[in-house]
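Peer 1: 3D, please:
(2 chains)
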Amino acid sequence: MQPVVILGAAQTRHAARRPEASYAELAFEVVADVLARTGVGHDRIDTVITASSDFWDGRTISDMSVQDAVGAAGKSASKVSMDGAFALVYGAARIASGAYRTCLVVAHGKASEGMPRAIASAAFDPIYERPLGPDDRVALGLQARRFLDLRGLGEEVLAEAAAQAWTAAASNPNAERREARTAVQVSSDALVADPLRGSQLAPDSDGACAILLADEQTAAQVAAASGREGGSTTVRLEGFGLSTDMHGLGDRDLGTAGVLPRAARSAYEQAGIHEPGRELDVAETYDASSAQTLLWREGLGLPPTGGPAWNPSGGAMGAQPGFATGLVRVAEVFERLARGEGRTGVAHGMTGFVGQAHCVWVLRRR
Amino acid sequence: MDIPDVEPVAVEGRIRIPYRWPAGKAGGRFLAALRDESRLLGQRCPKCARVAVPPRPRCLSCGAVADEWVPVGPEGELVSWTVARGGPAPVAWGLVRLDGADTGVLHRLLDVAPEALKSGMRMRAVLDGRRTGQITDIAGFAPAGGATCNR
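Peer 2: Residues are numbered from 1 along each chain as shown, chains lettered A, B, ... in the order given. Just a heads-up that it's a prediction; the model follows:
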């Protein structure tokens, strides 16, 4: 298999509302940005993979409406209707196979265009659950309650995790939430789905993310053409893992990290990581609630304190631009490693209610 | 040519498409028993004995064909709960593991104040007086000690 190099990444400044832009324009924004950053022209892109949701975009075959924006015409393009971290699996596989030399992976999400709760509600089982009218926050509340009960923890752990995320997001220029908050401030917020308060839930954001992948030879050519020292700043995708759990909320134990450890094990094994808490320098997770911040940390095999820099961007608690959210996690880890802040990092994406499916990536700078 | 910025222009729309989702063989039997006999049924795996409610034609644990029907509930244990406060009135939700079942059912919780909710408490299915063969034939779950059985 060909090693897969990340040539560059770009993300929007995520916001609660971007009424001046269509979702295709959000996708165009990050594509133009990543091409400018890497100095790669559209003519050098072999294949494009997009991640989008028909329900979120309010139209079927939602990938076709961004094909112009991502420059897919005349190329082999395909779509993953899951979080963007999963789309990266498809893109990386195309490079690893040797069939393509470059691949552009683009994900967008524009929550402000529809009704996030109603759309989430449509993901429940139509026979047994939808007629009752639950939404994603019901699922998140049930998970958080079970998480606390199973461990005998109090609600203050959620407030502490949220305060840490808000504080980190405050210094992330791309985050939607940019206001540091203390645990006390978070605890005084109104309950939305007990035990979760508004500030312990990820926001619904507008945004997009693009990652440009290449094989080693192309990466070296691009680096040489740009006059940069290629070898020292090459960041590779070195391991990934996917795992899917049962769909029904009552079929799994929501108080555990579920099948995430399985995906993490696979990613670590491929990357030759034996002690993630010691060997990783940075970790970014798709945490839709503060309970997930703590659960996914455990699921990735990381210690409760210490270990790698934990969600230094604020994680998804800082911004949750739909299917771009997981790809943004990869972009955040990439940027850190490319800047020389650490050598190895892990990024996590998620699809389905409260972590039904997980995707784990290990990135390493060479 | 210099194009000045304009106020954002948006097109309003709405998608309303009726669907018809068959409950399937197992689901049909489960819903018919609820409607016609006021009975809650689960499907038991002959291989690993896991009982699923709602029923699945294949065992969630081992994949074997699960075609054995067993009565479950109407009481059970509250596995987890939450109160959704986004709407006009708070709505309590729970996952209830019915007696005899290995899985939890997602449903609304009735006749209980949010302060009184506690994981592990005993709950009882409250059936709706008017049956339609839908999951809403269960009106919700109320604390098992309460007086109501049907409404």
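Peer 1: If we ignore the residues flanking it in sequence, what's nearest residue 119?
Peer 2: Answering for chain A, as no chain was given. Sequence neighbours aside, residue A:55 is the residue nearest to residue A:119 in space, at 5.0 Å (criterion: Cβ to Cβ, 6 or more residues apart in numbering or on different chains). C-betas here are computed from N, CA, C, even on glycine.
Peer 1: I was thinking of chain B, sorry if that wasn't clear
Peer 2: Nearest to residue B:119 is residue A:149, by Cβ to Cβ, 6+ apart, at 4.6 Å.
Peer 1: following the host helix or strand of the one you found, which helix or strand shows up next?
Peer 2: Residue A:149 belongs to helix A:136-151 when assigned by DSSP states H and E. On the C-terminal side of helix A:136-151, the closest following helix or strand by DSSP H and E is helix A:156-170.
Peer 1: Show me what the helix or strand following that next one is packed up against.
Peer 2: As assigned by DSSP H and E, the chain's next helix or strand after helix A:156-170 is helix A:183-187. If you count contacts as 3 or more Cβ pairs under 8 Å, 6 or more residues apart in numbering or on different chains; DSSP states H and E, helix A:183-187 packs onto helix A:156-170.
Peer 1: buried set for the helix it packs on?
Peer 2: By neighbour count on 16 or more other Cβ atoms under 10 Å in any protein chain shown, the buried set for helix A:156-170 is A:157, A:158, A:159, A:160, A:161, A:162, A:163, A:164, A:165, A:166, A:168, A:169.
Peer 1: Confirm for me that the fourth one is in contact with residue A:183.
Peer 2: Yes - shown here, residue A:160 and residue A:183 form a contact pair, counting by Cβ atoms under 8 Å, at 4.9 Å.
Peer 1: Quote the end-to-end distance of stretch A:275-295.
Peer 2: 18 Å (Cα to Cα, to the nearest Å).
Peer 1: any idea where the helices of the chain begin and end?
Peer 2: Going with chain A. A:23-38, A:54-57, A:67-70, A:84-96, A:116-121, A:136-151, A:156-170, A:183-187, A:216-226, A:260-271, A:276-279, A:290-299, A:325-338 (DSSP state H).
Peer 1: Oops, wrong one, chain B.
Peer 2: Listed in chain order (using DSSP H), the helices of chain B are B:24-37.
Peer 1: Tell me which other helices or strands the longest strand seen in it touches.
Peer 2: The residue-count maximum for a strand in chain B (DSSP state E) belongs to strand B:75-84. Strand B:75-84 sits against helix A:136-151, strand A:191-193, strand B:91-98, strand B:122-127, with contacts defined as 3+ Cβ pairs under 8 Å, 6+ apart.
Peer 1: Can you name the residue of the stretch 251-366 of chain A nearest chain B?
Peer 2: residue A:251 (5.1 Å; Cβ to the nearest Cβ).
Peer 1: residues contacting that residue?
Peer 2: B:52, B:60, B:103, B:104 (Cβ atoms under 8 Å, 6 or more residues apart in numbering or on different chains).
Peer 1: In terms of model confidence, name the weakest of those residues.
Peer 2: Lowest pLDDT of those: residue B:60, 83.
Peer 1: who touches it in this structure?
Peer 2: Here residue B:60 is in contact with A:246, A:251, B:50, B:52, B:103 (criterion: Cβ under 8 Å, 6+ apart).
Peer 1: Low-confidence stretches in the stretch 251-366 of chain A?
Peer 2: Across the stretch 251-366 of chain A, nothing is flagged by pLDDT under 70.
Peer 1: no no, chain B
Peer 2: B:1, B:146-151.
Peer 1: Which stretches in it count as strands?
Peer 2: In chain B, the segments counted as strands under DSSP E are B:41-44, B:51-52, B:68-71, B:75-84, B:91-98, B:105-108, B:122-127, B:138-143.
Peer 1: Apart from its chain neighbours, what residue comes closest to the residue of the stretch 201-350 of chain A found nearest chain B?
Peer 2: Relative to chain B, the nearest point of the stretch 201-350 of chain A is residue A:250 (2.8 Å; Cβ to the nearest Cβ). Spatial nearest neighbour of residue A:250, chain neighbours left out: residue B:104 (2.8 Å); criterion: Cβ to Cβ, 6+ apart.
Peer 1: interface residues of the stretch 51-200 of chain A facing chain B?
Peer 2: A:58, A:117, A:126-129, A:131-135, A:137-138, A:141-146, A:149, A:190-196 (Cβ under 8 Å from any Cβ of the partner chain).
Peer 1: I meant the stretch 251-366 of chain A, not that one.
Peer 2: Taking Cβ under 8 Å from any Cβ as the contact definition, the stretch 251-366 of chain A meets chain B at A:251, A:254, A:255.
Peer 1: Can you report how many residues lie near the second one?
Peer 2: Right, the one you point to is residue A:254. 26 (other Cβ atoms under 10 Å in any protein chain shown).
Peer 1: Show the contacting residues for it.
Peer 2: A:142, A:143, A:146, A:147, A:354, B:80, B:95.
Peer 1: And those residues, which is closest to residue A:34?
Peer 2: Among these, residue A:354 lies closest to residue A:34 (Cβ to Cβ), at 31.2 Å.
Peer 1: Quick check, pLDDT for the spatially closest residue to that closest one that is not a sequence neighbour.
Peer 2: Leaving aside its chain neighbours, residue A:354 sits nearest to residue A:143 (4.4 Å; criterion: Cβ to Cβ, 6+ apart). Note on residue A:143: pLDDT of 98.
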